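Engineer: Sharing a sequence plus its predicted fold:
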Amino acid sequence: MGKYILDYSNVNPELSQDTKYADLSEEELIDCFQPEAWKEICRDEREMLRVLQEVGNRYAEGHGIEERPVIERVSDPKVYGSYSYGRNVITINLDEAKKNPMEALDTVVHEENHALQYQCMDYGSDTTTSFTKEEIALLKAETEAYVNDEPRYHRQSLEVDSNNAGLRFVLYCKDRFINTPEFEEYINKRDEFYQLLGDEYEDEPEKVRMSEYLQVLKAYSSGKLTVDEAEDAKRCLQTKNSIRMETEYLRGQLQEIKQDMEVQNEVQKLEDGLDFLEEETGSAEDIQETVEVLEVQENEAVNEYSME
């Protein structure tokens, strides 16, 4: 597959250049997505775009994306995020992004990963370790015969792989967000989605495989795939490819994190239930003294009852 010609005529190239956040360390940049910091940034949508652009720039550099996509505001309220290959532009629904910084991070990486997929389709498996040639053939088929209707939309390996990329990135940063309500909300939503997808893989494997195979046939019949590419894509569907294996792994990771959060919530409830001791006695020493007094009173009550 030859390299596509990208049309940048409608894009300001300066937008993808280094931002004022370029000098921040990785930790400092990620901390911009701490809930309170994100609220401040969201006061100015230009700042939102700048910090999201910096995340996108670093992801592109780290994953070998040669042409860094420009990040713009999407005007369609029905779209959370999208990637236009012809313009090399990522669009983000800033109104939605304001609600949860983890979702904003996920969306940027999800769309950057689509840019990586296209680049791999351009150059093949020799230039990247991300995909095998069979996986690239499948991604190409699904690009050429893309479907928007559910549930086929979220079953496409093209989308599953980008969902994996977004989730993987947020989990990489999880230690900085682990105790925030926004992170818990994000994890719960992702867990629900991945459990549903995993159930489909386990309960309806042929249905899921046939859904993607139809895209391969459609792309081939329209002349978008060669015979060899169609065969490669078919082989990819017949085996447990790396996209599917990572999906299963991330599903397990989400379950573990969710269980840990549930334990933490129970511990917090228990600690909150003992707050009255601190309110009444103040210090640990006072608490111990109170316990000793209560024990004495209890013993006296028992002795008095025994004497009667």
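Structural biologist: It's in. Numbering: from 1, shown residues only.
Engineer: From here on, just use CA atoms for contacts and neighbour counts.
Structural biologist: Will do.
Engineer: pretty sure Gln215 is in a strand, no?
Structural biologist: No - with DSSP: H, G, I helix; E, B strand; the rest coil as the criterion, Gln215 is assigned helix and is not in a strand.
Engineer: Is it in contact with Ala141, as I believe?
Structural biologist: Yes - using C-alpha atoms under 8 Å, Gln215 makes contact with Ala141 at a distance of 6.2 Å.
Engineer: between these two, who's got more neighbours?
Structural biologist: Ala141 (26 against 22; other C-alpha atoms under 10 Å).
Engineer: can you give me phi and psi for that one?
Structural biologist: With angles defined as degrees, to the nearest 10, Ala141 sits at phi -60, psi -40.
Engineer: Over to Asp203?
Structural biologist: Backbone torsions for Asp203, taken as degrees, to the nearest 10, come to phi -90, psi -30.
Engineer: Ok, Ser25 next?
Structural biologist: According to degrees, to the nearest 10, Ser25 has phi -70, psi 170.
Engineer: And it, how far from Asp31?
Structural biologist: 10 Å (C-alpha to C-alpha, to the nearest Å).
Engineer: Of these two, give the one with the bigger neighbour count.
Structural biologist: Taking neighbours as other C-alpha under 10 Å, Ser25 and Asp31 compare with Asp31 leading, 16 against 10.
Engineer: Contacts only, for that one.
Structural biologist: Ala37, Arg176 (C-alpha atoms under 8 Å, 6 or more residues apart in numbering).
Engineer: Could you look up the SS state of the residue nearest to Asn163 when sequence neighbours are not counted?
Structural biologist: Of all residues not flanking Asn163 in the chain, His110 sits nearest, at 5.9 Å (C-alpha to C-alpha, 6 or more residues apart in numbering). Per three-state DSSP, the local secondary structure of His110 is helix.
Engineer: Now do the same contact list for His110.
Structural biologist: By C-alpha under 8 Å, 6+ apart, the contact set of His110 is Ser162, Asn163, Asn164, Ala165, Gly166.
Engineer: filter those to the buried ones?
Structural biologist: Ser162, Asn163, Asn164, Ala165, Gly166 (16 or more other C-alpha atoms under 10 Å).
Engineer: and these, which of them are in helices?
Structural biologist: Among the buried ones among the contacts of His110, DSSP state H puts Ser162, Asn163, Asn164, Ala165, Gly166 in helices.
Engineer: and the last one, what is it in contact with?
Structural biologist: With contacts defined as C-alpha under 8 Å, 6+ apart, the neighbours of Gly166 are Leu105, Asp106, Thr107, Val108, Val109, His110.
Engineer: Quickly find the element holding the residue nearest to it when sequence neighbours are not counted.
Structural biologist: Of all residues not flanking Gly166 in the chain, Asp106 sits nearest, at 4.2 Å (C-alpha to C-alpha, 6+ apart). Under the criterion of DSSP states H and E, Asp106 resides in helix 101-123.
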